[in-house]
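> Kindly generate the corresponding structure for this input.
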Amino acid sequence: MIRPDPTDREPPERWAVLAVLSVGILLAMGPWFSAAAVAPFLRAEWGIAGLGVTLLSVTVQVGFAAGALAIAASGAADVVSSRVLFAAGAFGAAIANLAFALLAHDPAVAALFRFLTGVSLAATYPIGMKVLAGWFRRERGLAIGVLVGGITVGSASPHLLRAAGAIAGADWRSIVIVASAGAAAGGLLVLAGTRRGPFEVPEPAFSLRLAARAWRDPAVRLANIGYLGHMWELFAMWTWIPAFLVASFAAGGLDDPVAAGFAAFVVVAAGGVGSIVAGALADRLGRTTLTMAAMAASGTTALVMGFAFGGPPALVLVVGVAWGLTIVADSAQFSTAVSELAPAGTAGSALSLQVALGFVLTSATILFIGAFDPADATGWRLAFATLALGPAIGILAMWRLRGRPEAMLMANGNR
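Sure thing, here's the model as predicted:
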């Protein structure tokens, strides 16, 4: 009789590791949108236009892409302990964000510190996924959903800090300092509370040749196009939704930036719930089914949100929460699909290229929406209609992927 290999058993402590890792990454992500959260203060203090502040968000995206490629190319993730690398990234983000608060007095210096924040954060999000993969085989979809939920709520947290800070009379530097302290705490938590999982395997260093080989595979290319369609919408929405809510609430009779700040937190953080639900369903429904449904819902809601501008604040908030729930629900499924579809030996490089392309694209869409200079209903409707183009292209790509025989390689045959 063949006995089961004990090394294949799911370790019982995996859920405790997931809890620590999710809280740690929630805290570590606080610096990401710190500049976007305090944008009104920066405009007033530095006398710069809205697009100038937007560049501070863009430099984080570019820094993240650069950091992710550097880690992948150097093979650092297989030389340095994952928990140590995560902690170093969280501490680096905390320091760079702290320097932004204490040393930056103009956009040029601030942009440098924001870039370094993005570079540092590249050692938290992808490395957190690597730690997770070392602990989960079964129920990995749910586990990834929980982790992405932590990332989402962490990205929303600066808006909560700004709203609470406004009530307490704190200046913008105090808000950014608190976010930095949270990131350092998140690094310490992961450093102390996680360890290498039994399923963790080394990953080959990034190779442009291997990434190109994977891209030439039609199924991998379609999964990547679906991901880019998703990313076209996601970070531009997260960046611009606070400004939209302030303007919409004021047009609807509620001229209260604090209420709008709390609303922005709720809208973005709602994606945490969407991520967990989607993660639990992904392996059963299939990658293409879930991603197409999520993109159809988020793209439609983007259009509705534009036309809701100036409506009753409660209605605008409900539509915003629906958008927040759906816009990030499919996020983890594209990378999972590439890992399942990529030719043998190319998955690591293919995923690194996917991340880099996605975050460079987000930089373009964040700036593109800013170019509309949305200050009234017409501007916001055009801006959000533009965001809806990404999900439309993503749905088409995933529909074509669904019709290919390789689709049966995903989610245990669930396309």
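> Now Ser331: closest residue in space that isn't a chain neighbour?
Val148 (5.5 Å; CB to CB, 6 or more residues apart in numbering). The C-beta positions use only the backbone N, C-alpha and C, and glycine is treated the same way.
> Could you check how many residues crowd around that neighbour?
As a burial measure, Val148 scores 28 neighbours (other CB atoms under 10 Å).
> any idea which helix or strand carries it?
Using DSSP states H and E, Val148 sits in helix 140-168.
> any idea which helix or strand comes after that helix?
As assigned by DSSP H and E, the chain's next helix or strand after helix 140-168 is helix 172-193.
> who's in contact with the following helix or strand past that following helix?
Next along the chain after helix 172-193, taking DSSP H and E as the criterion, comes helix 208-215. Outside helix 208-215, the residues that touch it by CB atoms under 8 Å, 6 or more residues apart in numbering are 204, 220-221, 224, 338, 342-343, 345-350, 352-353.
> Filter these down to the buried ones, PyMOL style.
Listed next is the PyMOL selection for buried residues among the contacts of helix 208-215, using 16 or more other CB atoms under 10 Å:
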select buried, resi 220+221+224+338+342+346+347+348+349+350+352+353
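> Can you tell me which of the contacts of helix 208-215 comes closest to Gly182?
Taking CB to CB as the measure, Gly182 lies nearest Ser352 of the contacts of helix 208-215, at 27.6 Å.
> Determine the set of other helices and strands touching the helix or strand containing that closest one.
Counting by DSSP H and E, the element that carries Ser352 is helix 347-371. Packed against helix 347-371 by the contact rule (3 or more CB pairs under 8 Å, 6 or more residues apart in numbering; DSSP states H and E) you find helix 50-74, helix 208-215, helix 218-251, helix 331-341, helix 377-402.
> give me that answer again for 6 Å
Contacts defined by 3 or more CB pairs under 6 Å, 6 or more residues apart in numbering; DSSP states H and E place helix 347-371 against helix 50-74, helix 208-215, helix 218-251, helix 331-341.
> could you dump the ones you listed to a markdown table with mean pLDDT and distance to Gly370?
Formatted as a markdown table, the helices and strands packed on helix 347-371 follow (pLDDT from 0 to 100; distance: least, CB to CB, whole Å):
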| stretch | mean pLDDT | distance to Gly370 |
| --- | --- | --- |
| helix 50-74 | 87 | 4 |
| helix 208-215 | 84 | 30 |
| helix 218-251 | 93 | 8 |
| helix 331-341 | 82 | 23 |
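> okay if I get those helices as a markdown table plus distance to Glu10?
As requested, the helices and strands packed on helix 347-371 are exported to a markdown table (distance: least, CB to CB, whole Å):
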| stretch | distance to Glu10 |
| --- | --- |
| helix 50-74 | 28 |
| helix 208-215 | 29 |
| helix 218-251 | 27 |
| helix 331-341 | 18 |
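> in the helix holding Val148, what counts as buried?
140-166.
> Among the helices and strands packed on helix 347-371, which comes closest to Leu361?
helix 218-251 (5.4 Å).
> now the helix holding Val148 against helix 172-193, angle please.
150 degrees (axes from the mean of the first three to the mean of the last three CA atoms, to 10 degrees).
> okay, and the helix or strand of the protein with the least pLDDT?
Least confident helix or strand, the chain: helix 76-79 with a mean of 77, by mean pLDDT, DSSP states H and E.
> outside of that helix, which residues touch it?
Under the contact criterion CB atoms under 6 Å, 6 or more residues apart in numbering, helix 76-79 has outside partners Ile71, Pro202.
> That helix: how far from the chain's middle?
Relative to the mean C-alpha coordinate of its chain, helix 76-79 is positioned 23 Å out (CA atoms, centre = their mean, to the nearest Å).
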